[in-house]
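Show me how the following folds:
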Amino acid sequence: MAGLSKFLNKINIVQWILIAAGILTGAAALVIGVSDNPPGIILLYIGLTCLAGAWVWNWPSPREFWILLLTSLAAFPVGVVLHNLFYALGTLVEGSLILSGLLGFLEALFFLVAVMAVGPTALVALVGGVYTSWQGMSRLTLKNRSYRRFKGNHPIKDRTLWNLVNLARQSASGANLQPLKFILSNTEDKNGMIFPALSWAGYLKDWAGPVEGERPSAYIILLGDRELADSFQYDAGITSQSITLGAAELGLGTCLIGSIKRDSLRKILSIPVRYEILLVIALGRPGESVVLEEIGDDGEIKYWRDEKEIHHVPKRILEEMILDL
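Numbering: from 1, shown residues only. The predicted structure follows:
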């Protein structure tokens with residue numbers, strides 16, 4: 001029950017409205033009929049579009065919408081062919097109640113697949129892809145939050161981590177020294193070794209960190225090569241922003257962790273002393289909602305969680321940050 005309550009709390013008011021509208025219009029379509037009945041078909045399409053919109057409402061990345069669009073376009077002809085195939089087979093076995101019923105069910109199922117694919121799902125995917133792409137950098141910086149709870153069953157491939165580090169390689173570097181090195185981890189064993197060396201959410205005193213099933217799927221550890229430079233703070237900042245923005249573009253969440261048991265981590269991973277441990281970037285599919293708030297009159301900057309487990313982060317207003325000098 002606790003898990004169900006937690007899941008329901010993540011559904012926002014707009015999604016509930018879309019779900020309710022989808023169920024009501026879908027029910028109305030079934031009541032008036034959808035077989036060769038344009039009003040019923042239109043209502044069914046509206047209902048399915050609302051439900052599809054509720055499903056993808058929180059998707060953060062244009063890439064996910066474009067993949068869904070391509071999948072929908074491919075599913076339409078497959079659904080049509082299978083619908084017709086099972087219809088034809090059904091006419092051949094009309095004397096068998098069981099086979100006829102099974103084929104009739106499959107015929108109806110793939111009819112719904114074709115209807116949903118070419119209409120509601122493709123439409124929602126197209127609109128979502130265009131909208132999230134149009135938002136550009138503003139969307140990325142809003143999505144690029146510090147997530148501390150993840151969907152632990154979402155794997156991150158080696159190639160994804162390499163591509164994110166390549167974004168760092170392409171970024172600016174102080175005096176072009178390029179002194180940073182990286183350790184990558186995306187396996188259960190290695191992640192399990194890294195996790196105990198990290199501290200989470202210093203402002204949340206009653207929270208010990210993500211539990212099993214909420215922990216990151218991968219880590220990128222930033223190291224400074226002392227043989228190449230003496231100071232790494234600027235490179236670490238530039239690099240971290242490149243990696244986290246790149247991760248946000250892929251629909252991943254990240255958390256920059258500087259509170260590290262460095263001696264322990266060095267020993268666990270056998271990191272040579274020439275490398276200074278700078279930051280650990282935790283990565284995974286976000287498992288929580290993070291929203292920005294304006295800092296109130298009390299000037300409080302500590303982040304907090306409400307009763308629905310939504311994470312709130314106070315931010316200074318723009319007018320306060322720009323000086324008129």
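
burial measure for Cys255, as a count.
Per other CB atoms under 10 Å, the neighbour tally for Cys255 reads 22. From N, CA and C alone the C-beta is placed, and that goes for glycine too.

what about it, which SS state?
Using DSSP: H, G, I helix; E, B strand; the rest coil, the structure places Cys255 in strand.

Let me know the distance separating it from Lys157.
Distance of Cys255 to Lys157, computed by CB to CB, to the nearest Å: 20 Å.

Now do the helices in the stretch 201-325 of the chain.
233-249, 262-269, 318-321 (DSSP state H, counting those that start in this stretch).

quick one: buried residues of the second one?
If I follow you right, that is helix 262-269. Leu265, Arg266 (16 or more other CB atoms under 10 Å).

if you compare the helices of the stretch 201-325 of the chain, which one is most tucked away?
Comparing the helices of the stretch 201-325 of the chain by mean neighbour count (mean count of other CB atoms under 10 Å), helix 233-249 comes out on top with a mean of 20.

Quick one: the strands in the stretch 101-250 of the chain, in order.
Assigned by DSSP state E, counting those that start in this stretch, the strands in the stretch 101-250 of the chain fall at 150-151, 180-185, 218-225.

among these, where is the model least confident on average?
Per-stretch mean pLDDT for those is lowest at strand 150-151 (a mean of 92).

Paired strands for it, with orientation please.
Strand pairing for strand 150-151, determined by DSSP bridges: strand 275-286 (antiparallel).

residues contacting Asp230?
Shown in contact with Asp230 (CB atoms under 8 Å, 6 or more residues apart in numbering): no residues.

Check what pLDDT it gets.
For Asp230, pLDDT reads 93.

Pass me the low-pLDDT residue ranges in this structure, would you?
1-10, 35, 60, 116-117, 135-136 (pLDDT under 70).

what domains does the record give for it?
Per the record, the chain has its domains at 2-136, 150-288, by automatic domain parsing.

got JSON lines for those domains, with distance to Ile322 too?
Output for the domains of the chain, formatted as JSON lines (distance: least, CB to CB, whole Å):
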{"stretch": "domain 2-136", "distance to Ile322": "22"}
{"stretch": "domain 150-288", "distance to Ile322": "20"}
